[in-house]
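**Q** let me see the structure of the following:
(one chain, ligands or ions: 1)
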Amino acid sequence: MDYSCSDSDSDGSHISSTPPRHHPTYQRPPPHPSSTASLRNKPNPNPNPNTCSRPILKIKPSTNTNKTKPPPPIQSQSQSHSDVVHHQIPPSCDAVNSLPFQILIRRPSSFAVDEEPLPAGGSCVSKFTKMPNSNLHPPAHSQTNQHPNLLGTLPPDSEQIAADFNVTDLGGKLMSRSKHKHPNLIGACASPRDNLIGTCVLQATKPKPKPITVNEGNFVRLNINGHGGRKRFAHKVRKRNPNAYNGSRKSYKRNKNNFKVVCEAEEDENSFCEQGFLSERTETRLDFQVIENAAFDVRHDPSDANLVKLLKLVYGYDSFRDGQLEAIKLILSGKSSMVILPTGAGKSLCYQLPAMVLEGMTLVISPLVALMFDQLKQLPPAIPGALLCSSQTLEETSETLRRVQEGTLKVLFVSPERLLNSEFTSIFSANSLISLVVIDEAHCISEWSHNFRPSYMRLRASLLRSSLGVDCILAMTATATTKTTHDVMCSLEIPSTNLVQAAQIRDNLHLSVSLSENRMKDLMALLKAPPYTEVKSIIIYCKYQSETDRISKLLCDSNIRAKSYHSGIPAKDRRRTQELFCSNKIRVIVATVAFGMGLDKSDVGAVIHYSLPESLEEYVQEIGRAGRDGRVSYCHLFFDDTTYFKLRSLMYSDGQDQYTVNKFLSQVFSGDSHSQGRICTIVKESASRKFDMKEEVILTILTRLELAEERYLCLLPQTSVTCVLNFHITSPPILATKDTIIATILKKSEIKDGQYIFEIPMVACSIGVQASTVTNHLLNLKLKGEITYEMKDPAYCYMIVNFPRDICSLAADLAKWLSDVESCKVRKVDAMFNAAFFAVKTCDRTNGCTDCQHTPCLQKKILDYFNADNDNSIPNKMAQTSRFLRADIKVFLQSNSHAKFTPRAIARIMHGIASPAFPSSTWSKTHFWGRYIQTNFDVIMEAAKAELMDCAGKTAV
Ligand SMILES: Nc1ncnc2c1ncn2[C@@H]1O[C@H](COP(=O)(O)OP(=O)(O)OP(=O)(O)O)[C@@H](O)[C@H]1O
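**A** Okay, here's the model as predicted:
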């Protein structure tokens, strides 16, 4: 069996494995640094005392099956950069937080989109430009200036974090501005001229209502007929939505500097008249006036009638969907809430509408940059919005921050990593600018979700309150089990009464499932038969990238317009594919899990799962991309044992033994118990190989150490450790005479082929400054043409806050926690497989199920799964013993006596799972690779442990 074809796209969860793809010939595997057996220990209790019981808020049932639920600088102590580097730097956590870097998580996954170079820009300037109101205009001297260090090209390693330099530096400047009274309402036009150019401000008092004239009535007329009105209005929105970037990254890029286009309109009124735009602009002004009045009414009386009126004006919809009204009322009354509504149910409206009504700004925390762009684009014109991401230019970032300070933004999208930047957060904590924090995809907070992210783990109510000065939090997700919901609500301190939940699956989705011996053949047959022949847009989900390419080619060969989509395809091509799909130029998109988040194509008529999803959550998310227009849509799932076993094995990619965690912690806390305040770095790549631990797992452990009650460390923005420097204009010794940093660099460098190689933290420490000061200085010199340099060895950076009293028991706790997370993921695969298996093999087809149509029984399985109080008892198909296992392990160890193994490493090889120290490029050539994929992983680990102890005993003798 060949298990090396594992080019899967992760779902964004670091726990998902993304093994490499290759087929090399067998070589003798290299020795491995780690060795011996692993141990286990006691669990970590729930850290949050705020328990949330069953949800209480009920949603009125509609067609859906609604569910109700409730110190001073000291000398450097750097070691080799390959491991942990320690640096004593000014100790205040705040001070170090102000390093102009952010932690960015590199993910070989859908979330990797987060870090892809996105089209520059993102702060979309709306036509709601600031009006000449002295209250809103800072004095000229307080205008934001460009930071001299931040212009021009950034070094490759710092490209990603460059924008965050901007935020940091600007943050400081912005803080020194005069404090402006934050406006309250949207769309109050200030002067006739401002009106003509569609300029708006937010006012604190109710504006004088204007009588609606024939012209003015256009807006109301456009929307009065609900859906039809919405369509026509949507057209207007597309034409004029200040938040939209025309649906196309390309065109957005083209327009990114065209803020001027909007501003120029002010000067070029005549041309607008000539082009016949004047009346449209007048309508726009009046539209906003009407909306503003309606928003004012809602703020003073959030009655159903007023809310529906505002809904109709802004969106053109006649009524709220399930859960929306309840959620909006909770938010408007200042209550933190959690909203669990199916994909496509309209969760965005639950924060957009309050954003219009509430004073101050709504901050939306979103896991993906691509998702932020989509959400920004979808904001109605009446809600001025922007986003901040690391791919933006200094100008774009400063423009957005200026609008934040002025209060002319109502919605701002940011990534969770942004909250690590204390200068960014200080803008808000000092000014109370934010009235609502929305956490999109809130399940990512919980390690018990299918998509846990370490950066989300840091989103706790206490942090949000202290760093952003906000009281009201809205957590939104489409998929959360009872355990995940409880976890999220506890972390965000949301009372159990404030849960708005509806069935996690829509009724218009027809679910079918089949056990397949030959999935490719069955897929082709499915596509060539009704109802699929009639479906205009289809998504086919596969586990592996290679599968998507193969299937899309096959479909094209069969005259079906199809394209593949996965994270191995360049971002530009992926965007193009998505555009082609959204504009119906291709009929089928064959994708990995990397596709779909934030996709709002309403007429996807079918979603086919060529591979078993990793969890019912993933399944529900993905089928939720069908039928968003409410029409009957078809979702078919193919499954088979082989895919299940492979998938299940992959869930063991991230677990760690206590032995390894212990070694890792010893490295993290190397030094003595008086090392509080010491700044350390862990070079990602070398540490990952050394401990046979994925980089994301390293970050997860560090984050966990930060969030522990004792707070062992404080995570700092990531940095690069090594710098390779070339001098170009002035000779190094001459430059050193007038530049202290260069003088220190010369002292600390090793010279190789004329290049100066040094460690940034070491240089920073010896001068007693922060690493960012050194990098900023280098950047400045680079911009002057004096030097060029390359940054290497990206590293996690942290400050030791509390030295652990007992590293062994801490390691035991952490290993137990990692093991629990691992088991949880395995159970999720089992639950997915069991649901499919039940439908095909056990369902008696009495409750509406027929042949392979299993909507009723799958819906029930899904609801049961999401509502279960625990997930402990999920049966699985794994063998619990194997006759030849011990003997095979013995042979394997004998034939690889040069290498050192842990029991887990052996079990992974027997399951065909690659890891940083045992890559499949080398180890997949052993014929034991994946041989025991059907045997319980823990059983193999136990056998391996016994065999290793045997070997060790013999060696000792
Ligand atoms: N009350 C409503 N009436 C009609 N359409 C609505 C209503 N509320 C939202 N919609 C529409 O439903 C579509 C889906 O909304 P939205 O993108 O907010 O869904 P979502 O729940 O966030 O989905 P996902 O979980 O996939 O992100 C949008 O086109 C939106 O305009």
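
**Q** tell me the residue of the stretch 801-950 of the chain that sits nearest the ligand?
**A** Across the stretch 801-950 of the chain, no residue is closer to the ligand than Phe866, which sits at 14.8 Å (CB to the nearest ligand atom). Glycine gets a C-beta too; all of them are placed from N, C-alpha and C.

**Q** tell me which element that residue falls in.
**A** According to DSSP states H and E, Phe866 maps onto helix 855-867.

**Q** which elements pack onto that helix?
**A** strand 509-515, helix 616-623, helix 807-837 (3 or more CB pairs under 8 Å, 6 or more residues apart in numbering; DSSP states H and E).

**Q** buried residues, that helix. List them.
**A** Under the neighbour-count criterion of 16 or more other CB atoms under 10 Å, helix 855-867 has Thr855, Pro856, Cys857, Leu858, Gln859, Lys860, Lys861, Ile862, Tyr865, Phe866 buried.

**Q** so which bits of the very next helix or strand once past it are buried?
**A** Using DSSP H and E, the helix or strand that follows helix 855-867 towards the C-terminus is helix 885-895. Along helix 885-895, these residues count as buried under the neighbour rule (16+ other CB under 10 Å): Leu885, Asp888, Ile889, Phe892, Leu893.

**Q** export the residues you listed to CSV and tack on distance to Gln667 and pLDDT?
**A** CSV is the format used below for those (distance: CB to CB, whole Å; pLDDT from 0 to 100):
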residue, distance to Gln667, pLDDT
Leu885, 33, 85
Asp888, 33, 88
Ile889, 29, 90
Phe892, 28, 89
Leu893, 27, 88
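
**Q** next, give me the two most distant ones among the residues you listed.
**A** Maximum pairwise distance among the buried residues of helix 885-895 (CB to CB): 12.6 Å, between Leu885 and Leu893.

**Q** point me to the residue of the stretch 301-450 of the chain nearest the ligand.
**A** Closest point on the stretch 301-450 of the chain to the ligand, by CB to the nearest ligand atom, is Gly346, at 2.8 Å.

**Q** now do the contacts for the nearest residue to that residue once chain neighbours are set aside.
**A** Among residues not flanking Gly346 along the chain, Arg321 sits closest, at 4.9 Å (CB to CB, 6 or more residues apart in numbering). Residues near Arg321 by CB atoms under 8 Å, 6 or more residues apart in numbering: Ala345, Gly346, Leu349.

**Q** so stretch 607-616, near the ligand or not?
**A** No - Stretch 607-616 does not reach the ligand (CB under 6 Å from any ligand atom); its nearest approach is 12.4 Å.

**Q** what mean pLDDT does stretch 614-624 get?
**A** Mean per-residue pLDDT for stretch 614-624: 93.

**Q** what sits up against that stretch?
**A** Against stretch 614-624 from outside (CB under 8 Å, 6+ apart): 11, 16, 342-344, 443, 449-451, 478-481, 504-506, 509, 511, 539, 541, 593, 596-597, 607, 609, 613, 635, 637, 647, 651, 825, 828-829, 831-832, 835, 861-862, 865-866.

**Q** swap the cut-off to 7 Å and go again
**A** 11, 16, 342-344, 449-450, 478-479, 504-505, 509, 541, 593, 596, 607, 613, 635, 647, 828-829, 831-832, 835, 862, 865 (CB atoms under 7 Å, 6 or more residues apart in numbering).

**Q** same question, stretch 593-607
**A** Residues contacting stretch 593-607 (CB under 7 Å, 6+ apart): 9, 11, 110, 113, 368, 370-371, 374-375, 378, 532, 535-539, 541, 565-567, 582, 589, 618, 622-623, 625-626, 628-629, 633-635.

**Q** which of those residues are buried?
**A** Buried among the contacts of stretch 593-607 by 16+ other CB under 10 Å: 9, 11, 110, 113, 368, 370-371, 374-375, 378, 532, 535, 537-539, 541, 565-567, 582, 589, 618, 622-623, 625-626, 628, 633-635.

**Q** helices - which of those residues land there?
**A** Ala370, Leu371, Asp374, Gln375, Cys582, Glu618, Glu622, Ile623 (DSSP state H).

**Q** can you get me a residue count around Glu517?
**A** Counted with other CB atoms under 10 Å, residues neighbouring Glu517 total 8.

**Q** from here on, call the first residue 39.
**A** In the new numbering, first residue 39, that becomes Glu555.

**Q** give me the nearest residue to it, chain neighbours excluded.
**A** Asp678 (7.0 Å).

**Q** surely that neighbour touches Ser552?
**A** No - in this structure, Asp678 is not within contact of Ser552 by CB atoms under 7 Å, at 9.6 Å.

**Q** avg pLDDT for the helix or strand containing Met829?
**A** Under the criterion of DSSP H and E, Met829 resides in strand 825-838. For strand 825-838, mean pLDDT rounds to 90.

**Q** which stretches of the chain have low pLDDT?
**A** Flagging of the chain using pLDDT under 70 yields the residue ranges 39-324, 460, 467-470, 711, 908-918, 920-921, 990-995.
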